[in-house]
Every structure is written in C-alpha cells, then in structure tokens.
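S.K.: Please find the sequence and the predicted model below.
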Amino acid sequence: MKIAILTNEYPPNVYGGAGVHVEYLTRELSKLDNGKHSIKVFCFGSQKVAEGNLSVEGVNAQYDFLAKDERHKKFLDTMLKDIIIAG
C-alpha cells in the first residue's frame, strides 16, 4: 500500500503536538507488515529523507504576496505550499 501524509510540521521543524504525532505515526506505519508499505511525508520545510520505506520531502516555496492586510500573507503562503504538495 502507498500511504501519503501531508503535514505542516515534521522533524526537525516541530513546534507542537501535531509534528510529534506525525513523527510517531509515520514511524509505526513504516513498520507494519514488515515494512511492506511505502510511506511518503510531504511537509513544510526543506527536509529530504529516505530511510527504507519512509521518505520525507519538504516544500519550501516562497513568494512575496501583495496583500492589503499583512495577516493574509500567512494564509496565502500556506495555500501556495498546499497547492505544490497536492500537485
């Protein structure tokens, strides 16, 4: 089975519980059925890891968005990274 995990946080870029959860989840999924499944993690950052059947690819896309409200830039940055991951 091919399993993909899309997440904001993944080590070493962990700043909360979600990143810790994803780290442990992917580690355990990679052990199922003697490592028969392919686990791919797509996350925000510049990580690039390949360990057996677990691979991690960070997305570090940046663009200087023109926004009338500075608070919208974070949202637009997240949407850009999500579109790249989904593509």
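M.R.: The structure has been received and is ready for your questions. Numbering: from 1, shown residues only.

S.K.: Enumerate every residue touching residue 75.
M.R.: If a contact means C-beta atoms under 8 Å, 6 or more residues apart in numbering, then residue 75 has no contacts. Any C-beta I mention is one placed from the backbone N, CA and C, and that applies to glycine too.

S.K.: ok, the residue nearest the centre of the chain to residue 83 distance?
M.R.: With distances taken as C-alpha atoms, centre = their mean, the residue of the chain nearest its centroid is residue 43 (1.5 Å). The gap separating residue 43 from residue 83 is 15 Å, by C-beta to C-beta, to the nearest Å.

S.K.: Likewise for residue 77?
M.R.: 11 Å.

S.K.: quick one, which of those two is more surrounded?
M.R.: Neighbours were counted for residue 77 and for residue 83 using other C-beta atoms under 10 Å; residue 77 has more, 16 against 11.

S.K.: And what about that one, helix, strand or coil?
M.R.: Under DSSP: H, G, I helix; E, B strand; the rest coil, the three-state class of residue 77 is helix.

S.K.: Tell me how many other residues crowd residue 31.
M.R.: 14.

S.K.: Could you look up the SS state of the residue of the chain positioned farthest from its centre?
M.R.: Largest separation from the mean C-alpha position in the chain: residue 68, at 28.6 Å (C-alpha atoms, centre = their mean). Put simply, residue 68 is coil when judged by three-state DSSP.

S.K.: and it, backbone torsions?
M.R.: With angles defined as degrees, to the nearest 10, residue 68 sits at phi -70, psi -30.

S.K.: any idea how far it is from residue 9?
M.R.: Residue 68 is 29 Å from residue 9, by C-beta to C-beta.
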